[in-house]
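Engineer: I would like the atomic coordinates for the input below:
(4 chains)
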Amino acid sequence: MASLEYTADEMMTIAASRALWNGAVCFVGIGLPSAAANLARLTHAPDVVLIYESGTIGAKPDVLPLSIGDGELCETATTTVSVPEMFRYWLQGGRIDVGFLGTAQLDRYANINTTVIGDYAQPKVRLPGGGGAPEIATSAKEIFITVRHSRRVFVEKMDFITSMGHGDGSPRDTRGGMVGRGPTRVITDLCVLEPDPETRELVVTALHPGTTREQVQEQTGWPIRFAGQLATTEPPTRDELEVLRDLHARTRKAHAGQS
Amino acid sequence: MASLEYTADEMMTIAASRALWNGAVCFVGIGLPSAAANLARLTHAPDVVLIYESGTIGAKPDVLPLSIGDGELCETATTTVSVPEMFRYWLQGGRIDVGFLGTAQLDRYANINTTVIGDYAQPKVRLPGGGGAPEIATSAKEIFITVRHSRRVFVEKMDFITSMGHGDGSPRDTRGGMVGRGPTRVITDLCVLEPDPETRELVVTALHPGTTREQVQEQTGWPIRFAGQLATTEPPTRDELEVLRDLHARTRKAHAGQS
Amino acid sequence: MAKMMSLQAAIAEYVRDGDSVALEGFTHLIPFAAGQEIIRQGRKDLTLIRMTPDLIYDQMIGMGCASKLVFSWGGNPGVGSLHRLRDAVENGWPRPLEIEEHSHAAMANAYDAGAAGLPFAVFRGYIGNHLPKVTSTIKFIDCPFTGERLAAVPALRPDVAIVHAQKADRAGNVLFEGIVGVQKQACLAARRAAIVTVEEIVDTLDAGPNAVVLPNWVVTAVAKVPGGAYPSYAHGYYQRDNSSYKQWDAISRDRDSFLAWMQEHVIQGPTDTAAGANHGVA
Amino acid sequence: MAKMMSLQAAIAEYVRDGDSVALEGFTHLIPFAAGQEIIRQGRKDLTLIRMTPDLIYDQMIGMGCASKLVFSWGGNPGVGSLHRLRDAVENGWPRPLEIEEHSHAAMANAYDAGAAGLPFAVFRGYIGNHLPKVTSTIKFIDCPFTGERLAAVPALRPDVAIVHAQKADRAGNVLFEGIVGVQKQACLAARRAAIVTVEEIVDTLDAGPNAVVLPNWVVTAVAKVPGGAYPSYAHGYYQRDNSSYKQWDAISRDRDSFLAWMQEHVIQGPTDTAAGANHGVA
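Structural biologist: Sure, this is the predicted structure:
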């Protein structure tokens, strides 16, 4: 069988989608996480429960939403609740298996910055802010992060922590089980990273096919560590690629059609 | 015009109904308050808003409910909310003009006991308890109480305060306007009582037609005071009586018919 | 994920002696059939939690299922006392009953806090009354911004919540309509299991986008029990049988007549799938 | 009791310079027409409150209406930055903008507390991040039962709340359907006025018993503005115009092109009753 052509972005989305298991209850961030979560639902995890912070529970969108609250999410959901209820009963209530986040920056402990680059009061770049992420990061049982790998993102030192990953590497205060385990996996277009069980520093545990250690180090702002047993990500299957491309094609058509 | 025949109970309900103004938002206790509030709605106050603690807002029942949550209340309401929302957004939110309560006992400061007679741990009579009343009594802008006048009810000393009236007569702590004025009127089958503006002790301000001061004192467990300008309640009008009797007849028929 | 079970099997599997159990339904959708199944299965030492104990808790208390009651209004609505509750509190019959007494506002907030995963609820309440003197779980805290003193109660987190609803779909998603009380909160607050009896199982709930729906993954078991709320009611299915509530006053006033009635109507009475049947509502 | 008014009259009567104003609508039912009417009427020194500022606050900020912004996520969803918001924060153009920044959980809880008449909200949040360092209204309190440290924020109580809904009946009762966000909470939290624009006025709302309805006596003014949420959307009426959101990125990137667009589309643009008309949605 001839090897399939695919892009690094496709590999990233497919690798991220595989992290979700069937039946997982997933609080979905917009953008890359939403693409991965919906791909999971359309492939190996038909019963994954997708929750968007706009209040939609069990959304099954046919196309990817542009915003966190597109009409498609509500129309296909099991039910739609108010935003206070979403954050109180569903997120804080400890019902979320996986919070799936993107980010603008992250550090070696998978702390997230989506607030500001430079000084908060005199910012160099003002980013959108935290939204739901600061509490998703602590209330969901575990966190997956998906983001494109680059030195602008994987930084040695961040100016601001918007959402806690593993803090300074100290063990988490789980407050009677109501605070989750934090980031357990970071999926990029180059590799998969997981926190070291001891130090909680991110370690590359799998390289996507064709990626080298040097490429990863090149795009990471600190001296990156690799796991002793470094795996290679399974390449996309024909089915995964087809479903993902169909999803993107439907999405492009739908969003272009609304004007 | 020949004078109308009516019972003391009818006079009580009618006098109580007149205390509500058109457009008042009334949190309605079951029993006597519900009869009075619905009579007001069917006579001079068609736009009174009736709220029951079961969550029904703007109920317009055709017959009197036996419980606080009969189906009739929901079917005729503008909307029905959850019980936490009812107590949080609607009562505690400061939106209730009048809390209309009944009681098992009350004292000279219109404090209410619906919990226990005798010692709490070794009760002589165990009453149903507070229900919504403890917070209705403090969160509604003012409180009307309607109850049949007797020494068993109007007691010198109560074993338990379930819902605060005017406490020991000290001025109320209104907590920035979020705590109401407390009981402003008590309507019985004999008379109308109001708190003295200075001492907050209940004072008889109007006698129902045919009632004597002696009768009121006879049925009151403490030396009762009468206002300097003691009024006589207007007797029921033909219309009030007719509407009330129709309401009771419809109610009897409806409740008997369900078995 | 919700399992479709018989009521008998659901109670047998999830309700244990010594559990704290909340059977909720605020005047509407009261889970009578489930409570009676607990009686038939002879559960003991339960902490029964319910805002308005109603006839079903009068029956459970009178049959000796409970060692503690957490409640905020314990009467027969529009009729008078719950005589079995009173007999337990006043005379310890058939066994002593510890009570933890609150106001509705406190319990509604405590369920809300339980559903929200918070350890406690804050509200403006318990002002000027004696309930804080007799209920040890009532505390007061100060607003960190204004200094206002507010009431606090621990979140309610029953081991098991049991409610009745109009319908479930075949996947186990549940719809409540009408007076919805604290049922959703009670189910979300439950630590071990949320059991729902329903009037019917349907292909699709046909609910509006913002209807009160519990998704199947927060429901432990669904049992079809038509008439399961009788003699309370199910909006859209049958009305409240007010005459049964009135008759209960005489039945329950006396221990013997109570026991005889329970024997005839509950112990020897209908099993789950026909709960309302001999009341003419199924 | 809700007054039926034109949007122009409602803004003129209830929104004053210096007010705190919350225009809510979480991605859905965003009250664009009302925000643009505020721009046309030249309001100044507003404290703008909104979880997700979106394009409408970008426009209001860029036109100089605001001196302060309270928010939790300030981006163009799925597209990128809000350039006018960034220009105000980074460069003080057209005027300095003070910001009070929260998380969604904090703001949702703060609206909930405002609606509930509480002075503050408690939630499990702001753990391990830097927002409490930069936002002075974030505090922490201890649970009086478990000792757990929890976050606290003051209740949100805007002077005026402005929202868009699908319909009102002739009495002024308002129905929201679909993604309902915090609109009900914002209206109930408002100190002086709750203004609602609606797609249509109907004889009867035809809502389920538990639909999200604001009774007319908590609504100050209802204005019929078909298309009033465009280019966001109104579930059941029209879809989100995603291309407008994408085009906004280029329009708003530059001060001059922004001002020209505002002049053409808002200042000289449609008045309230025809808000969506030239966008082809009315």
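Engineer: give me the pLDDT value at residue C:271.
Structural biologist: Looking at residue C:271, its pLDDT stands at 55.
Engineer: hmm, I typed the wrong one, I wanted residue A:175.
Structural biologist: 82.
Engineer: what's the answer for residue A:258, then?
Structural biologist: Looking at residue A:258, its pLDDT is 48.
Engineer: ranges for the helices of the stretch 1-150 of chain A?
Structural biologist: Secondary structure of the stretch 1-150 of chain A (DSSP state H, counting those that start in this stretch): helices at A:8-18, A:32-42, A:71-75, A:83-85, A:133-139.
Engineer: confidence-wise, which of these is weakest overall?
Structural biologist: Least confidently modelled of the helices of the stretch 1-150 of chain A is helix A:71-75, at a mean of 91 by mean pLDDT.
Engineer: can you tell me the element residue C:261 falls in?
Structural biologist: Residue C:261 is part of helix C:255-262 when elements are defined by DSSP states H and E.
Engineer: name the helices or strands packed onto that helix?
Structural biologist: Where contact means 3 or more C-beta pairs under 8 Å, 6 or more residues apart in numbering or on different chains; DSSP states H and E, helix C:255-262 is packed against helix C:54-62, helix C:83-91, helix C:242-253. For glycine as for every other residue, the C-beta is placed from the backbone atoms N, C-alpha and C.
Engineer: can you say which of those helices is packed in most?
Structural biologist: Mean neighbour count (mean count of other C-beta atoms under 10 Å in any protein chain shown) peaks for helix C:54-62 among the helices and strands packed on helix C:255-262, with a mean of 25.
Engineer: ok so, going back, centre of the chain to the helix holding residue C:261, how far?
Structural biologist: 22 Å (C-alpha atoms, centre = their mean, to the nearest Å).
Engineer: buried deepest among the helices of the stretch 1-150 of chain A, which one?
Structural biologist: Comparing the helices of the stretch 1-150 of chain A by mean neighbour count (mean count of other C-beta under 10 Å), helix A:133-139 comes out on top with a mean of 29.
Engineer: what about that one and chain D, touching?
Structural biologist: Yes - remark: helix A:133-139 sits within contact range of chain D at A:133-135, A:137-139, by C-beta under 8 Å from any C-beta of the partner chain.
Engineer: burial of residue A:6, as a residue count?
Structural biologist: 18 (other C-beta atoms under 10 Å in any protein chain shown).
Engineer: which parts of stretch C:222-242 are buried?
Structural biologist: Neighbour-count burial for stretch C:222-242, counted by 16 or more other C-beta atoms under 10 Å in any protein chain shown, picks out C:222-235, C:237-242.
Engineer: for residue 10, list the residues it contacts.
Structural biologist: You didn't say which chain, so I picked chain A. For residue A:10, the contacting residues are A:236, A:241, A:244-245, by C-beta atoms under 8 Å, 6 or more residues apart in numbering or on different chains.
Engineer: wrong one, chain C
Structural biologist: Taking C-beta under 8 Å, 6+ apart, one finds C:195, C:220-221, C:223 in contact with residue C:10.
Engineer: is it fair to say it lies in a helix?
Structural biologist: Yes - assessed with DSSP: H, G, I helix; E, B strand; the rest coil, residue C:10 lies in a helix.
Engineer: in space, what's closest to it - neighbours in sequence excluded?
Structural biologist: The shortest distance from residue C:10 to any non-neighbouring residue, by C-beta to C-beta, 6 or more residues apart in numbering or on different chains, is to residue C:221 (4.2 Å).
Engineer: count the neighbours of the residue of the stretch 101-250 of chain C found nearest chain B for me.
Structural biologist: Across the stretch 101-250 of chain C, no residue is closer to chain B than residue C:128, which sits at 3.0 Å (C-beta to the nearest C-beta). By other C-beta under 10 Å, the residues close to residue C:128 number 20.
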